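>>> next come a sequence and a model predicted from it.
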Amino acid sequence: MDKNIIEARNLTLEYTLIKRTDLKRGIMGALKKHSEKKKFKALNDVSFEIKHGKKIGLIGSNGSGKSTLLRMLAGTMAQDSGELKIDTESVSLMALGVGFEGELSGRENIYINGLLLGYSKAQIDEKLEEIIEFSELEGFIENPIKTYSSGMKSKLSFAIAAHIEPELLLIDEIFSVGDAKFRKKSEAKIMSLIHDERTVVMVSHNMGILERLCDEVIWLEKGKIKMQGEAKKVLEEYKLENK
Ligand SMILES: Nc1ncnc2c1ncn2[C@@H]1O[C@H](COP(=O)(O)OP(=O)(O)OP(=O)(O)O)[C@@H](O)[C@H]1O
């Protein structure tokens with residue numbers, strides 16, 4: 001299909017920073033007229049278009065704005081200025097640890113996380129047993145999450161996120177979860193989600209995965225697009241600069 005699913009024009013987003021050592025003064029200051037807030041542009045005049053069905057990689061050094069951009073595409077964060085048009089209602093962000101409630105059981109947390117990720121209650125009912133089986137936590141699913149190890153939480157988080165089937169799938173660096181066996185299974189699951197009709201935007205520091213899966217790559221640095229275009233070409237430039 002040749003229609004754009006994403007049109008981003010001049011997206012800019014600023015975070016307000018308060019120096020840690022000055023936190024108390026900062027909070028007090030924020031209450032006063034002349035506060036000591038410092039603005040920081042996490043995204044600075046970012047424009048791009050993505051066509052339906054394309055697989056796009058997002059690269060850039062730590063703190064370059066990749067996760068911020070994904071959250072904006074997912075609709076959980078709004079730009080300060082610029083325009084973002086998304087030609088579908090069916091969008092999900094696959095990210096780990098969307099937020100578990102420690103006192104509640106694994107099963108209850110599947111519902112909470114599923115709803116946060118955009119599932120309906122009926123969709124969760126339908127997928128519940130599959131999610132539990134995939135997570136390999138059948139024996140623990142009625143226990144409170146606070147009793148889970150971090151590996152168990154990651155597995156459950158992945159299992160929930162991997163059972164969404166949106167038109168636009170956003171993936172935030174979730175390629176290495178759990179032990180070796182689970183990792184293999186989760187990679188296979190991700191591959192099955194990245195099929196022809198679905199549009200995918202994925203953040204990863206793994207160049208091999210991006211080269212295999214992406215048509216195009218957008219390279220962010222300090223909140224600005226440094227380069228965008230054919231995956232192989234952009235990745236080569238990126239690797240040259242980051243040797
Ligand atoms: N809630 C926040 N408040 C203030 N600054 C933030 C907040 N979230 C992110 N930032 C800052 O915005 C910048 C972009 O962060 P972002 O998480 O989008 O980067 P990233 O490219 O995904 O990084 P990484 O590769 O490390 O995951 C960073 O400098 C980060 O410190």
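Sure, I can see it. Residues are numbered from 1 along each chain as shown.

>>> for the residue most central in space within the chain, name its beta-bridge partners.
Nearest residue to the geometric centre of the chain (CA atoms, centre = their mean): Asp172, 3.3 Å. Using DSSP bridges, the bridge partners assigned to Asp172 are Val203.

>>> which parts of this protein sit against the ligand?
By CB under 6 Å from any ligand atom, the residues of the chain that approach the ligand are Tyr15, Leu17, Ala42, Gly60, Asn62, Gly63, Ser64, Gly65, Lys66, Ser67, Thr68. For every residue, glycine as well, the C-beta is placed using N, CA and C.

>>> and the next helix or strand past the lowest-mean-pLDDT helix or strand in the chain?
Here the helix or strand of the chain ranked lowest by mean pLDDT, DSSP states H and E is helix 23-31, holding a mean of 61. On the C-terminal side of helix 23-31, the nearest following helix or strand under DSSP states H and E is strand 38-51.

>>> got a list of contacts for that following strand?
1-19, 56, 65, 68-69, 72, 79, 82, 199, 201, 216, 218, 220, 222-225, 228 (CB atoms under 8 Å, 6 or more residues apart in numbering).

>>> per-domain residue ranges of the chain.
4-90+166-241, 99-162 (automatic domain parsing).

>>> by mean pLDDT, show me the worst of those.
Of all the domains of the chain, mean pLDDT reaches its minimum on domain 4-90+166-241 (a mean of 87).

>>> how far is that domain from where the chain is centred?
7 Å (CA atoms, centre = their mean, to the nearest Å).

>>> any idea how far Ser90 is from Leu11?
Distance, Ser90 to Leu11, by CB to CB, to the nearest Å: 21 Å.

>>> more crowded one of those two?
More crowded of Ser90 and Leu11, by other CB atoms under 10 Å: Leu11, with 23 against 13.

>>> angle of the helix or strand that contains the more buried one against strand 38-51?
Using DSSP H and E, Leu11 sits within strand 4-17. Counting by axes from the mean of the first three to the mean of the last three CA atoms, to 10 degrees, strand 4-17 lies at 170 degrees to strand 38-51.

>>> what does strand 4-17 contact?
Residues outside strand 4-17 that contact it (CB under 8 Å, 6+ apart): 37-52, 54, 68-69, 72-73, 77, 79-88, 167-168, 199, 201.

>>> quick revisit: from what I see, the residue nearest to the centre of the chain and Val203 are in contact.
Yes. Asp172 is in contact with Val203 according to CB atoms under 8 Å; the separation is 5.0 Å.

>>> between the two, what contacts are shared?
With CB under 8 Å, 6+ apart, Asp172 and Val203 have common neighbours Lys66, Ser67, Leu70.

>>> most neighbours, which of the residues you listed?
Using other CB under 10 Å as the neighbour test, these are led by Lys66, with 26 neighbours.

>>> list the contacts of that residue.
Residues in contact with Lys66, defined by CB under 8 Å, 6+ apart, are Leu58, Ile59, Gly60, Asp172, Val203, Leu220.

>>> list just the nearest of those residues to Glu101.
Asp172 (21.1 Å; CB to CB).

>>> this structure: helices as residue ranges?
23-31, 66-74, 106-116, 121-135, 150-161, 180-193, 207-213, 231-241 (DSSP state H).

>>> can you list those helices in JSON lines and add distance to Met94?
Listed next are these as JSON lines, based on distance: least, CB to CB, whole Å:
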{"stretch": "helix 23-31", "distance to Met94": "33"}
{"stretch": "helix 66-74", "distance to Met94": "10"}
{"stretch": "helix 106-116", "distance to Met94": "11"}
{"stretch": "helix 121-135", "distance to Met94": "13"}
{"stretch": "helix 150-161", "distance to Met94": "4"}
{"stretch": "helix 180-193", "distance to Met94": "8"}
{"stretch": "helix 207-213", "distance to Met94": "14"}
{"stretch": "helix 231-241", "distance to Met94": "20"}
